[in-house]
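Colleague: I need the structure of the sequence given here:
(chains A, B, C and D)
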2 protein chains.
Amino acid sequence: MNCLASNRKVMIQQLEGSCRAHGLALTVQRRVIMESLAERTDHPTADQLYETVRTRLRGISRTTVYQVLETLVGIGAVQKISNPEAKARFDADTARHHHLYCVGCQKIHDVHDPSLNDLVLPPDRLAGFSVTDFSIQFSGLCPDCNSLHQ
Amino acid sequence: MNCLASNRKVMIQQLEGSCRAHGLALTVQRRVIMESLAERTDHPTADQLYETVRTRLRGISRTTVYQVLETLVGIGAVQKISNPEAKARFDADTARHHHLYCVGCQKIHDVHDPSLNDLVLPPDRLAGFSVTDFSIQFSGLCPDCNSLHQ
DNA sequence: GTTAATGCAAAGCATTTGCACACGT
DNA sequence: ACGTGTGCAAATGCTTTGCATTAAC
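Modeller: Residues are numbered from 1 along each chain as shown, chains lettered A, B, ... in the order given. Here you go, the predicted structure:
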């Protein structure tokens, strides 16, 4: 058995476990979508993934791909890269600073902490990448939401 | 003269300078959009900003707000927070890892570097925030684009 | 057999485009 | 005066919704 096949088997078992744990059915669609996403590393959009998936499961609907992806994010089997609603957001502060997304109020707060800038810059070549800039996205609870939750 | 008024004046002078430097006209719309964005720290979407701007410049078009924001990003007066095309992208790898956006090929590459995970976690309370997770977005050139550019 | 998931069609937003008019230089 | 920027209307693209059908448990 080759490595890919073995990984896939493990991955599907994990998916099965996660679904069970959340009382979700392990449908063909969920399995194929999970598999198709797991074997690529190019961070596809829902639509790009749909194009792959439809060749394996003819008749699958675009809606299903969108829905299943959100479900998989919900059970922690997949992560979504981008700010949560995937809308463009703008900031007049162009100095280097970082952002905290509050899972309580869904707002984005600035994090001005100069120490963070030094912490990460040193490796300015990571495995052949020339890095010109970076930004850290934190997620958690802002002070206001913090006090509500205790 | 109060502090806000003074900041605004400086900001507008900077905008004027940036526009000149790029051969762009300093239009009323650009000024008001820049001002409106600069006085808030809540990282509005283009549409949210439009709602504010239209109360100050009746008749301004939504299109203009979208266009001007992109122009301002182009001259570095404003930054856009989110992945560049603001579409949702998905990743089956849920382990902590970071992302490099290549400005050459526009692809998002994974950066698996365990040292980065230790570097930043320590301050798990930043000014009252409880941080549960974080992710670093690098931008720069991937190895392939790097070799093309030299 | 029950309940939840899928598929379809259509609607809903966010964003972009093409072109005529107006404004900044 | 010239050329760029703006406004409008319409198109496009991504994503969501309501509801009937189908499949998983």
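Colleague: Surely residue A:44 and residue A:37 touch.
Modeller: Yes: between residue A:44 and residue A:37 there is a contact at 7.2 Å, judged by C-beta atoms under 8 Å. For every residue, glycine as well, the C-beta is placed using N, CA and C.
Colleague: So which bits of chain A are right by DNA strand D?
Modeller: A:19, A:25-28, A:45-47, A:62-63, A:66-67, A:70, A:86 (C-beta under 7 Å from any atom of the strand).
Colleague: Go again with 6 Å.
Modeller: Residues of chain A lying close to DNA strand D by C-beta under 6 Å from any atom of the strand are A:25, A:26, A:27, A:28, A:45, A:46, A:47, A:62, A:63, A:66, A:86.
Colleague: if you look at those, which of them are in helices?
Modeller: A:28, A:46, A:47, A:62, A:63, A:66 (DSSP state H).
Colleague: Could you list which of those residues also contact chain B?
Modeller: By C-beta under 8 Å from any C-beta of the partner chain, the members of these lying near chain B are residue A:46.
Colleague: Looking at the ones in helices among the residues of chain A next to DNA strand D, state which has the most neighbours.
Modeller: Of all these, the highest neighbour tally under other C-beta atoms under 10 Å in any protein chain shown goes to residue A:46, namely 21 neighbours.
Colleague: Tell me the spacing between it and residue B:36.
Modeller: 33 Å (C-beta to C-beta, to the nearest Å).
Colleague: cool, and residue A:40?
Modeller: Distance from residue A:40 to residue B:36, by C-beta to C-beta: 41 Å.
Colleague: buried stuff in the longest strand that chain A contains?
Modeller: When chain A is parsed with DSSP state E, its longest strand is strand A:129-141. Buried positions in strand A:129-141, judged by neighbour count with 16 or more other C-beta atoms under 10 Å in any protein chain shown: A:129, A:130, A:131, A:134, A:135, A:136, A:137, A:138, A:139, A:140, A:141.
Colleague: Could you work out the most separated pair of those?
Modeller: A:130 and A:141 (35.4 Å; C-beta to C-beta).
Colleague: Is there proximity between the lengthiest helix in chain A and DNA strand C?
Modeller: Using DSSP H, we find that the single longest helix of chain A is helix A:3-21. No: applying C-beta under 6 Å from any atom of the strand, one finds helix A:3-21 separated from DNA strand C by no less than 8.1 Å.
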